[in-house]
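# Sequence plus predicted model, see below.
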Amino acid sequence: MSDQTEKYVLAFDLSTSGAKAALVSVTGKVLATEFEPDTLNLLPDGGVEQDPALWWQRIKDTSGRLIARRLVPVNDIMAISCTGQWSGTVALDRNGNHLANAMIWLDCRGAPYVKKITDGWPKIQGYGLAKLIKWARLTGGIPTHGGKDAIANILYIKNVKPELYQNTYKFLEPKDFINYKFTGKFAASYDSITLHWVTDNRRIANVVYDRDLIRMSTIDPAKLPELKRSVDILGLIRPEVADEIGLSRQVCVVAGSPDVQSAAIGAGAVKDYKANMYIGTSSWLTCHVPFKKLDLRHNIASLPSAIPDKYLVTNEQESAGACLNYLRDNIFCRDGQSRHNEHPDAMAEFNQLAQGVPPGSHKLIFTPWLHGERTPVEDSSLRACFFNQSLQTTKADMIRAVFEGVAYNSRWLLECMDGFIKRPMDNINAIGGGASSALWCQIFADVMNRTIHQVKDPIWANLRGAAFIAAVGMEWMSFDEVPKRVHIAATYTPKSANRDIYDKLYKAFRKIHTRNKSIYADLNQE
């Protein structure tokens, strides 16, 4: 076998915004990338869908272009690993053909059906007590009433589209669907299956389906895939796919992990309590922990990690970079013209404009709840707003307020995370496209009053994490070696001069939620 410098992983990140492919060395160096954008199909009843056929075509197109560049000998590309958006659902027939668009993590149409299967008496926070105890004891969590878990998608299909449900052979998560296309194997990883809420996670190195949980879920167990560890090799690439994109037929496909779990690996946050913050379309704070635990009030749980013997504290706020994209595409676009082509340098312009605004944005506050919220409160009815605008409010004020609003929400989550792990969550490794902004990293440090470490090339952390997972699966390295292969580009410490203004505005941010949540519920709940 060739030495480490000659081993490469073809890694994929199937994000909400599009498909990314990268050629990554075992040392974590991203040699080159290709990207194809995607769009959302927003439906009036809370549905959010994407086309799995386009996912697969974009995966093939990006990988084909990457391989055609001949950056390394093709035989040195030995493994494939996919990460991507989590808590989505693809319905497949027995031959692996998708039967409908995929319901993705933003879709909330299944909420009424989740509430039905988790109902009971007596109740605690809307859950039947006996069911809550059972779910929490076995899984570490419970299906969320916001309806954005994979189990909610399946229940929606079962109740609203019974013919589709009947014709479905297997339901797969997005990255598991891509793995099927590569291998022909209907399989899920221990971590990707978690939000189906039908697995016993108490023995973290050997996650299994639980008969009672499946019965409580009302899902047909025959429609669920085989379970694998994230580091397990599913098999060789299908010969026809290898030939089409220009790979060797001996390439191994590793089960891989969803984006939340792979991001922690790519950020170098593999040791217990090492903090990681992802800033992308959505955002999350995570760390590995040695225990299984649930904070139902704040929707935080420790769930299976990509590392076979560890739990990952898992949470997510729905909208982060999505707020800037919304600003770009729907408020500041010229003459209603769209989107990426119209504003190719919009984010650079946003950073420049926001840099000229003092901390606190002249006391303008933005709430980043464009599509409800998942944590630290679960409430699909919440919506975004600019609070405290005046005739003096400028475009630059609004831009900086968006940066700060996402950070306020992250501080709220951080306070809950501190309580969950029983220690301050500091020295946070920041990754994702948003972490490319020095301004935003400093705002996070100031608002959260914590040190932020900007990981080098933060936008590729998910892909790097996917590659590390494959490298461990191929027995080229161990997870203990990951931190030394992840490099820090810059460190941002809190500025004491900004403490008073951010403390004041954060308190106001929390009051905006408390005093208006009932209004949002009246306006936006069906």
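Nice, I can see it.
# Please count neighbours and contacts with C-alpha atoms only from this point.
OK.
# So what's the residue count around Pro239?
Using other Cα atoms under 10 Å, Pro239 has 15 neighbouring residues.
# what secondary structure does the closest residue to it other than its chain neighbours sit in?
Leaving aside its sequence neighbours, Pro239 sits nearest to Arg249 (Cα to Cα, 6 or more residues apart in numbering; 5.5 Å). Assigned with DSSP: H, G, I helix; E, B strand; the rest coil, Arg249 falls in the coil class.
# how near is Arg249 to Ser390?
63 Å (Cα to Cα, to the nearest Å).
# Over to Ala53?
In this view, Ala53 and Ser390 are 47 Å apart by Cα to Cα.
# would you list every one of the strands in the stretch 101-250 of the chain?
All strands of the stretch 101-250 of the chain, identified by DSSP state E, counting those that start in this stretch, fall at 102-103, 123-124, 127-128, 170-172, 187-189, 199-200, 208-209, 226-228, 233-236.
# about what we covered before: who's more crowded, Arg249 and Ser390?
Neighbours per residue (other Cα under 10 Å) separate Arg249 from Ser390, with Arg249 holding more: 16 against 9.
# what sits against the more buried one?
The contact partners of Arg249, by Cα atoms under 8 Å, 6 or more residues apart in numbering, come to 236-239, 242-243.
# Thr286 is in contact with Ala264, correct?
Yes - using Cα atoms under 8 Å, Ala264 makes contact with Thr286 at a distance of 7.1 Å.
# Make a markdown table from the contacts of Arg249 and add pLDDT and distance to Pro225 to it.
Below are the contacts of Arg249 laid out as a markdown table (pLDDT from 0 to 100; distance: Cα to Cα, whole Å):
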| residue | pLDDT | distance to Pro225 |
| --- | --- | --- |
| Leu236 | 98 | 18 |
| Ile237 | 98 | 19 |
| Arg238 | 98 | 19 |
| Pro239 | 98 | 23 |
| Ala242 | 98 | 24 |
| Asp243 | 97 | 27 |
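# Can you check those residues and name whichever has the most neighbours?
Ile237 (25 neighbours).
# Among Ala264 and Thr286, which residue is more densely surrounded?
Comparing Ala264 with Thr286 by other Cα under 10 Å, the one with more neighbours is Ala264, at 30 against 27.
# if I've got this straight, the more buried one is in a helix?
Yes - under three-state DSSP, Ala264 sits within a helix.
# Could you find the closest non-adjacent residue to it?
Leaving aside its chain neighbours, Ala264 sits nearest to Asn276 (6.1 Å; criterion: Cα to Cα, 6+ apart).
# what does Ser262 give?
Ser262 sits nearest to Gly465 (Cα to Cα, 6+ apart), 4.7 Å away.
# repeat for Arg464
With Cα to Cα, 6+ apart as the criterion, Arg464 has its nearest non-adjacent residue at 5.0 Å, and that residue is Gly266.
# burial of the one you found, as a residue count?
Neighbour tally, Gly266, other Cα under 10 Å: 29.
# residue contacts, it?
By Cα under 8 Å, 6+ apart, the neighbours of Gly266 are 461-466, 468, 486.
# ditto for Leu92
98-99, 168-172.
# how much space between it and Thr39?
21 Å.
# do the same with Ala100
16 Å.
# From the neighbour counts alone, determine which of those two ranks first.
A direct count of neighbours by other Cα under 10 Å for Ala100 and Thr39 places Ala100 higher, at 17 against 11.
# Secondary structure element holding the more buried one?
For Ala100, there is no host helix or strand (DSSP states H and E).
# What pLDDT is listed against it?
We have a pLDDT of 98 for Ala100.
# so what's it closest to, chain neighbours aside?
Ala91 (6.6 Å).
# and the one you found, that one's in a strand?
Yes - secondary structure of Ala91 (three-state DSSP): part of a strand.
# Go ahead and confirm it touches Met103.
No - checked against Cα under 8 Å, the pair Ala91 and Met103 is beyond contact range at 9.2 Å.
# These two: which is more packed in?
Neighbour count, other Cα under 10 Å: between Ala91 and Met103, Met103 has more, with 30 against 26.
# in the sheet, who's paired with the closest residue to that one other than its chain neighbours?
Distances taken as Cα to Cα, 6+ apart put Glu49 closest to Met103, at 4.7 Å, once the chain neighbours are dropped. Bridge pairing for Glu49 (DSSP bridges) gives the partners Asn41, Met103.
# is it true that Thr314 touches Leu303?
Yes - Thr314 is in contact with Leu303 according to Cα under 8 Å; the separation is 6.6 Å.
# of these two, who's got more company?
Leu303 (29 against 21).
# Does the residue nearest to Ser262 lie in a helix or a strand, and which?
For Gly465, the host element (DSSP H and E) is helix 461-473.
# Fine by me, thanks again.
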